[in-house]
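**Student:** model the following, please.
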Amino acid sequence: MGRFHIVDDDTIADGGCTDIYFQRCEEILKQEEKNPQVTMEVTTTGMPRSPGVFCGLNDVIALLEGLPVDVDAMPEGSLFSAREPVMRISGRYSDFGRYETALLGFLCHASGIATAAAHIVGAAGGRRVYSFGSRRQHPAIAPMIERSAWIGGVDGVSNTTAPPGIPVVGTMPHAYVMCHASPEEAWVAFDRHAPPDVPRLMLCDTFGDEKEECLRAVTCTAATGVRLDTPRSRRGNMRSILEEVRWELDSRGHEDVGIFLSGGVTEEDIRTYRDIVASFGVGGAIANAPVIDFSLDIVSIEGEAIAKRGKWSGIKQVWESPDGERTVLLASASGPTGATPLLEPVIKDGVVMQRPETADARARVLRSIPNFRDP
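**Tutor:** Take a look at the predicted model:
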């Protein structure tokens with residue numbers, strides 16, 4: 001254990017971050033000289049939201065690379081529903097069994113965040129959405145949170161450790177404003193010194209009425225937007241506040257100044273205010289999203305179909321027809337005419353056949369966003 005209570009990469013890669021019963025039973029199987037050839041599938045029987053967005057495959061590939069296993073999976077960013085296998089692993093059980101804990105952790109958490117982001121982006125109906133919630137989680141996993149949110153369709157993220165290629169956005173906190181003699185001084189200094197490519201988005205609710213501060217901000221700066229981060233305890237009727245701010249800006253010739261809303265924003269808030277708000281900063285609703293409760297279960301031993309109670313036996317394939325309809329069949333069966341098999345080889349006997357590209361995964365979700373929008 002290092003300075004912080006986090007697990008290092010080598011411990012995860014060596015299978016050292018696992019539930020103890022996997023280690024204990026691995027030792028017993030070794031003593032009994034049992035190590036059957038199995039196929040295991042990753043599925044969920046229940047989801048907080050449907051459809052889900054499959055995410056975290058990149059970490060699973062890094063985890064299983066070099067092990068004597070074959071792995072097939074849906075492409076990252078694919079939609080999935082309950083009981084559809086999103087991944088299957090074939091190999092000798094004891095060669096990969098202890099990795100179940102880390103593998104499921106990678107998929108459950110990342111898929112939960114990507115799923116929440118996609119539903120929120122769909123609810124926004126074209127308004128911009130930014131991930132502002134990494135501070136609600138352990139800092140060690142900030143890159144995963146931001147990558148998953150980006151794949152889920154957000155327009156930018158706030159954490160500086162986001163993987164390369166993801167736009168990092170943000171302007172000013174309340175503490176910055178409070179470090180100056182007045183909000184005007186803070187806004188003018190930001191307008192003067194912030195890099196040219198940073199939007200002139202002024203935080204306008206630190207001390208006074210939202211309408212009042214917004215009008216003062218657009219008077220003394222070249223503001224392109226005003227941000228309201230009003231605590232829920234002081235909001236009152238948020239709809240009325242937003243309408244009042246919009247009216248006063250428009251009536252004074254500032255129709256081009258957008259309103260940015262943050263501070264505990266929920267999916268329902270987005271639906272309620274999307275007709276008047278230009279963009280949203282979303283924190284816990286994305287970063288604290290419920291995980292997808294995936295499990296990893298044996299469906300075949302030594303070539304024979306088998307499953308525990310509540311699971312479906314046999315190695316399966318998911319087929320998608322041109323109209324988007326999904327069909328789950330045994331892998332040995334032919335798919336519907338014109339349908340595409342979704343589980344593709346990603347590892348063959350430990351050798352990586354393909355790695356997911358973040359941009360491709362995001363594009364896959366963005367093409368599917370209509371599936372998340374309100375009717």
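**Student:** backbone dihedrals for residue 17, please?
**Tutor:** phi -100, psi 90 (degrees, to the nearest 10).
**Student:** now it: closest residue in space that isn't a chain neighbour?
**Tutor:** Nearest residue to residue 17, sequence neighbours excluded (CB to CB, 6 or more residues apart in numbering): residue 7, at 4.9 Å. For every residue, glycine as well, the C-beta is placed using N, CA and C.
**Student:** in the helix or strand hosting residue 105, which residues are buried?
**Tutor:** Per DSSP states H and E: residue 105 is located in helix 100-124. By neighbour count on 16 or more other CB atoms under 10 Å, the buried set for helix 100-124 is 100-124.
**Student:** how about stretch 238-246?
**Tutor:** 238, 241, 242, 245, 246.
**Student:** so which of these are in helices?
**Tutor:** 238, 241, 242, 245, 246 (DSSP state H).
**Student:** name the nearest residue to the last one, sequence neighbours excluded.
**Tutor:** It stands for residue 246. residue 276 (5.6 Å).
**Student:** and the one you found, how many residues sit next to it?
**Tutor:** Neighbour count for residue 276, taken as other CB atoms under 10 Å: 14.
**Student:** so what's it up against?
**Tutor:** 242, 243, 246, 259 (CB atoms under 8 Å, 6 or more residues apart in numbering).
**Student:** helix/strand/coil for it?
**Tutor:** coil (DSSP: H, G, I helix; E, B strand; the rest coil).
**Student:** check the gap between residue 197 and residue 280 for me.
**Tutor:** Look at residue 197 and residue 280: by CB to CB, to the nearest Å, they are 21 Å apart.
**Student:** neighbour count: those two, which is higher?
**Tutor:** Set side by side, residue 197 and residue 280 show more neighbours around residue 280, with 28 against 5, by other CB under 10 Å.
**Student:** and the more buried one, how far from residue 259?
**Tutor:** 10 Å.
**Student:** and for residue 370?
**Tutor:** 26 Å.
**Student:** higher neighbour count, those two?
**Tutor:** residue 259 (22 against 8).
**Student:** ok now the helix holding residue 105, how far from the chain's centre?
**Tutor:** Here the centre of helix 100-124 is set off from its chain's centre by 4 Å, with CA atoms, centre = their mean, to the nearest Å.
**Student:** spit out the contact partners of the closest residue to residue 202 other than its chain neighbours.
**Tutor:** The shortest distance from residue 202 to any residue other than its chain neighbours is 4.0 Å, reached at residue 217 (CB to CB, 6+ apart). Taking CB under 8 Å, 6+ apart, we find residue 217 in contact with 183, 184, 187, 202, 204, 223, 226.
**Student:** likewise residue 297?
**Tutor:** 40, 41, 43, 307, 308, 311.
**Student:** same thing with residue 48?
**Tutor:** By CB under 8 Å, 6+ apart, the neighbours of residue 48 are 112, 115, 289, 290, 292.
**Student:** swap in 10 Å and give it another go.
**Tutor:** 112, 115, 116, 119, 289, 290, 291, 292, 293 (CB atoms under 10 Å, 6 or more residues apart in numbering).
**Student:** part of a helix, is it?
**Tutor:** No. Read with three-state DSSP, residue 48 is coil and lies in no helix.
**Student:** element containing residue 260?
**Tutor:** Here residue 260 is assigned to strand 258-261, by DSSP H and E.
**Student:** can you list the strands that that strand pairs with?
**Tutor:** strand 225-228 (parallel), strand 279-282 (parallel) (DSSP bridges).
**Student:** buried deepest among the ones you listed, which one?
**Tutor:** strand 279-282 (a mean of 25; mean count of other CB atoms under 10 Å).
**Student:** if I look at the residue found closest to residue 19 once you drop the neighbours it is linked to in the chain, how far off is residue 294?
**Tutor:** Leaving aside its chain neighbours, residue 19 sits nearest to residue 101 (5.0 Å; criterion: CB to CB, 6+ apart). Look at residue 101 and residue 294: by CB to CB, they are 12 Å apart.
**Student:** go on, residue 180?
**Tutor:** 48 Å.
**Student:** neighbour-wise, which of those two wins?
**Tutor:** residue 294 (27 against 15).
**Student:** dump the residue contacts of the more buried one.
**Tutor:** 41-45, 47, 52, 54, 56, 80, 86-87, 103-109, 111-112.
**Student:** helices or strands up against the one helix or strand residue 328 maps to?
**Tutor:** Assessed by DSSP H and E, residue 328 sits inside strand 326-330. Strand 326-330 is packed against strand 316-320, with contacts defined by 3 or more CB pairs under 10 Å, 6 or more residues apart in numbering; DSSP states H and E.
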